[in-house]
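Enquirer: quick one, structure for this:
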Amino acid sequence: MAFELPDLPYAYDSLAPYMSAETLEFHHDKHHNAYVTNGNNLLKDSGHEGKSLEEVVKASYNGGQGGGLFNNAAQHWNHVEFWNWMKPNGGGAIPGALEKKLVADFGSVDAFKDAFVNAGVTQFGSGWCWLVLGKDGKLVVSKTANGVNPIATGEGTALLGCDVWEHSYYIDYRNRRPDYVKAFVDNLVNWERVAEILSNAS
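Expert: Modelled structure (predicted):
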């Protein structure tokens, strides 16, 4: 199955002021599109043609050896999810079952947010920070380098991820990554989507 660039689920300017139209145009139309184009070129004659995106990510991770196909397939998956983890007028109230689970596993919603922001800020270089439903049924915050994700590592189900590559924030925040990750978790997250993934995974 060839990779396809999805349309954004909202207008380019609808996440402002927390994420600008210019950022979305570069991030979606250029960066994400490059992962799709490069991924499709590398998929040819790889032996993984016809597999689902998730299957390609798992198979091409190769025990952490990775490589070009993995990098592009994983980043494609990460970005497909990333666009849906945000929405106009995001943040705000967290659906009941998800909020209860966050409080149960982190002590409070604020404690979760602090851990999530800290993971994003302390990821050295490019990467992602995640809220993951672990295989033991507990929620954990983690971080990964470059395009690595919880599908590849087998850590569990990714409920939420924030892209901390510089291209995701530099136009709007310059080098202020903490401000970007905090704005993401407070003002951009589509909590209904996070709750839906948790419900399906539970």
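Enquirer: which residues sit in contact with residue 9?
Expert: Residue 9 is in contact with 83, 84, 87, counting by Cβ atoms under 8 Å, 6 or more residues apart in numbering. C-beta here means a position set from N, CA and C on the backbone, and glycine is covered the same way.
Enquirer: any figure for the gap between it and residue 85?
Expert: 10 Å (Cβ to Cβ, to the nearest Å).
Enquirer: what is in contact with those two at once?
Expert: With contacts defined as Cβ under 8 Å, 6+ apart, no residue is shared by residue 9 and residue 85.
Enquirer: if we can go back for a sec, redo the contacts of residue 9 as a markdown table? Include neighbour count and secondary structure.
Expert: Converted to a markdown table, the contacts of residue 9 look like this (neighbours: other Cβ atoms under 10 Å; DSSP: H, G, I helix; E, B strand; the rest coil):
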| residue | neighbour count | secondary structure |
| --- | --- | --- |
| 83 | 18 | helix |
| 84 | 17 | helix |
| 87 | 18 | coil |
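Enquirer: mind putting those in CSV, pLDDT included?
Expert: Output for those, formatted as CSV (pLDDT from 0 to 100):
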residue, pLDDT
83, 99
84, 98
87, 98
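Enquirer: reformat the residues you listed as a markdown table; add distance to residue 119.
Expert: Putting the contacts of residue 9 into a markdown table (distance: Cβ to Cβ, whole Å) gives the following:
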| residue | distance to residue 119 |
| --- | --- |
| 83 | 21 |
| 84 | 20 |
| 87 | 22 |
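Enquirer: from the residues you listed, pick the one nearest residue 52.
Expert: residue 84 (17.1 Å; Cβ to Cβ).
Enquirer: so how far is residue 9 from the closest one?
Expert: Taking Cβ to Cβ, one finds residue 84 at 6 Å from residue 9.
Enquirer: and residue 129, by the same measure?
Expert: Taking Cβ to Cβ, one finds residue 129 at 22 Å from residue 9.
Enquirer: and what of residue 31?
Expert: 17 Å.
Enquirer: quick one: contacts for the residue nearest to the spatial centre of the chain?
Expert: Residue closest to the mean C-alpha point of the chain, counted by Cα atoms, centre = their mean, is residue 161 at 3.3 Å. Contact analysis of residue 161 by Cβ under 8 Å, 6+ apart lists 78, 81, 82, 85, 128, 129, 130, 131, 149.
Enquirer: tell me the SS of the residue of the chain positioned farthest from its centre?
Expert: Relative to the mean C-alpha coordinate of the chain, counting by Cα atoms, centre = their mean, the farthest residue is residue 45 (28.0 Å). Counting by DSSP: H, G, I helix; E, B strand; the rest coil, the backbone at residue 45 sits in coil.
Enquirer: what of the one 5 residues further on?
Expert: For residue 50, the secondary-structure state derived from three-state DSSP is coil.
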